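Asks: Any chance you can model this:
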Amino acid sequence: MTENKISISIPMDDFNTALSKLQEVQTILAPYLVALSSDQRMSLPKMGDKTFSFVEKSMQFAQSKPELMPGFIDLTEWQKDVDGRN
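Replies: Model (predicted):
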């Protein structure tokens, strides 16, 4: 027989408070969010821990040797993207 490990009943006041806070977060973040189609989401590269570690090391290298970077890479914008992931 399976053991029931979770048995909760969230009071309606707590539920409504949490819902209100989530709506507040959505309002605060709305100017920074971009709606993507499912095709756009699927075409984006996946950023797991190993990939992000590579990106951070690449950023450090780019900052230490900017003369080796191709002209189409804007280090300021790249840094914003990296910071936005953290």
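Asks: and after the helix or strand containing K57, which helix or strand comes next?
Replies: Under DSSP states H and E, the secondary-structure element containing K57 is helix 49-64. Downstream of helix 49-64, the first helix or strand assigned by DSSP H and E is helix 75-85.
Asks: Spatially nearest residue to L75, not counting backbone neighbours?
Replies: Distances taken as CB to CB, 6 or more residues apart in numbering put A62 closest to L75, at 5.9 Å, once the chain neighbours are dropped. Placement of C-beta: from N, CA and C, glycine included.
Asks: how about the one you found, what does it touch?
Replies: 68-69, 73, 75, 78 (CB atoms under 8 Å, 6 or more residues apart in numbering).
Asks: which among these gets closest to K5?
Replies: For the contacts of A62, the residue nearest K5 by CB to CB is W78; the value is 45.0 Å.
Asks: show me the contacts for the closest one.
Replies: Per CB under 8 Å, 6+ apart, neighbours of W78: 59, 62.
Asks: Filter the contacts of A62 down to the buried ones, ChimeraX style.
Replies: Typed into ChimeraX, the line below selects the buried ones among the contacts of A62, using 16 or more other CB atoms under 10 Å:
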select :78
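Asks: before we move on, back to that, mind checking how far the residue nearest to L75 is from G71?
Replies: Taking CB to CB, to the nearest Å as the measure, A62 falls 13 Å from G71.
Asks: before we move on, the earlier item: using PDB, list the CA coordinates for the helix holding K57.
Replies: Extracted in PDB, the C-alpha atoms of helix 49-64 (Å, rounded to 0.1, in the frame of the first residue of the first chain):
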ATOM      1  CA  ASP A  49      25.000  24.300 -16.500                       C
ATOM      2  CA  LYS A  50      27.800  23.100 -18.800                       C
ATOM      3  CA  THR A  51      26.800  25.300 -21.600                       C
ATOM      4  CA  PHE A  52      26.500  28.300 -19.300                       C
ATOM      5  CA  SER A  53      29.900  27.600 -17.800                       C
ATOM      6  CA  PHE A  54      31.400  27.700 -21.300                       C
ATOM      7  CA  VAL A  55      29.600  31.000 -22.000                       C
ATOM      8  CA  GLU A  56      31.000  32.500 -18.800                       C
ATOM      9  CA  LYS A  57      34.500  31.400 -19.600                       C
ATOM     10  CA  SER A  58      34.100  32.700 -23.200                       C
ATOM     11  CA  MET A  59      33.000  36.100 -21.800                       C
ATOM     12  CA  GLN A  60      36.000  36.200 -19.500                       C
ATOM     13  CA  PHE A  61      38.300  35.500 -22.400                       C
ATOM     14  CA  ALA A  62      36.500  38.100 -24.600                       C
ATOM     15  CA  GLN A  63      36.900  40.700 -21.900                       C
ATOM     16  CA  SER A  64      40.600  39.900 -21.400                       C
END
